[in-house]
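Peer 1: Let's see this in three dimensions:
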Amino acid sequence: MNFIVRTLIKLGILRNDLEYHLLRASMVIIFLFFGYQKWFEYEAQALLPYISHGPLIFWMYAAFGVRGATYFLGIAEWLFGTLLFAGYWNKKLGILGALGSCFTFIATTTIIPFMPGGWAASAGGFPAMTEKDAFLMKDLVLLAVSIYLLRQDVIRASLFKETASELCTAIRQDRSPTGLAAGVPSHASMATGAHKE
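Peer 2: As a prediction, this is how the structure comes out:
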């Protein structure tokens, strides 16, 4: 076991933010492919039982029609994927993408209890799933990943804000007439050794 641990460490499993970047990349890829499917008739037909029984998304058929609803979902998925991708550089955009991703998978996981034929009657019903509910179960993991990315981007955005604020404070102090503020020595006094501890 120690050999496996050492090998994984050498391969970079402990590299900073490895899981964060991999999870973000996987979500971008998922949204890219899921969004692409929505432009075709086969997917519009396949989604009929899911959308029509989704407590948070059933209204889309009345609002947009069958094809319009899938187009709407495809655009939303590409938008969220793009925002998540932009989150590599801009954490505020990443937060928007993660929020959209969270809502996406909350909407899909809430379909599970309402899916007709989702539980196999021949096996006694719940918890014996049919492929309909099994297809949706993956969204529990995707929701967890979305929440993780949201948390990470909020932390990183707030840390960036705090760091930027501290930097601005340091610059303002350095530009004061004496270069001193709240006991902070100026660069000049430090360089000449005038400041004593």
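Peer 1: does the closest residue in space to residue 109 that isn't next to it in sequence sit in a helix or strand, and which one?
Peer 2: With sequence-adjacent residues excluded and distances taken as C-beta to C-beta, 6 or more residues apart in numbering, residue 109 is closest to residue 139, at 4.9 Å. For the C-beta atoms, the positions are set from N, CA and C on the backbone; glycine is no exception. Per DSSP states H and E: residue 139 is located in helix 131-174.
Peer 1: Can you tell me which helices and strands that helix packs against?
Peer 2: Of the remaining helices and strands, those touching helix 131-174 by 3 or more C-beta pairs under 8 Å, 6 or more residues apart in numbering; DSSP states H and E are helix 18-37, helix 48-52, helix 91-109.
Peer 1: same thing but at 6 Å, please
Peer 2: Here helix 131-174 touches helix 91-109, going by 3 or more C-beta pairs under 6 Å, 6 or more residues apart in numbering; DSSP states H and E.
Peer 1: From the chain's centroid, how far away is the helix holding residue 139?
Peer 2: 8 Å (C-alpha atoms, centre = their mean, to the nearest Å).
Peer 1: May I have the phi/psi pair for residue 129?
Peer 2: The phi/psi pair for residue 129 (degrees, to the nearest 10) reads phi -80, psi 150.
Peer 1: quick one: low-confidence parts of this structure?
Peer 2: 161-162, 164-197 (pLDDT under 70).
Peer 1: The same query, at a cut-off of 90, please.
Peer 2: Counting by pLDDT under 90, the low-confidence segments of the chain come to 2-18, 117-128, 132, 159-197.
Peer 1: Spell out the secondary structure type for residue 57.
Peer 2: coil (DSSP: H, G, I helix; E, B strand; the rest coil).
Peer 1: ok, now the one 5 residues further on?
Peer 2: In the three-state summary, residue 62 is assigned as helix, counting by three-state DSSP.
Peer 1: Just give me the neighbour total for it.
Peer 2: Using other C-beta atoms under 10 Å, the number of residues around residue 62 comes to 8.
Peer 1: Please tell me how far it sits from residue 55.
Peer 2: Distance, residue 62 to residue 55, using C-beta to C-beta, to the nearest Å: 14 Å.
Peer 1: same question, residue 108
Peer 2: Using C-beta to C-beta, we find residue 108 at a distance of 11 Å from residue 55.
Peer 1: Please apply the same query to residue 96.
Peer 2: 24 Å.
Peer 1: Also residue 49?
Peer 2: Taking C-beta to C-beta, one finds residue 49 at 14 Å from residue 55.
Peer 1: Neighbour count for these two, which is higher?
Peer 2: Neighbours per residue (other C-beta under 10 Å) separate residue 49 from residue 55, with residue 49 holding more: 16 against 11.
Peer 1: tell me, what residue is most central in the protein?
Peer 2: Among the residues of the chain, the one closest to the centroid is residue 98, at 3.2 Å (C-alpha atoms, centre = their mean).
Peer 1: Identify the residue nearest that residue in space, chain neighbours excluded?
Peer 2: residue 150 is the one closest to residue 98 (C-beta to C-beta, 6+ apart), at 3.7 Å.
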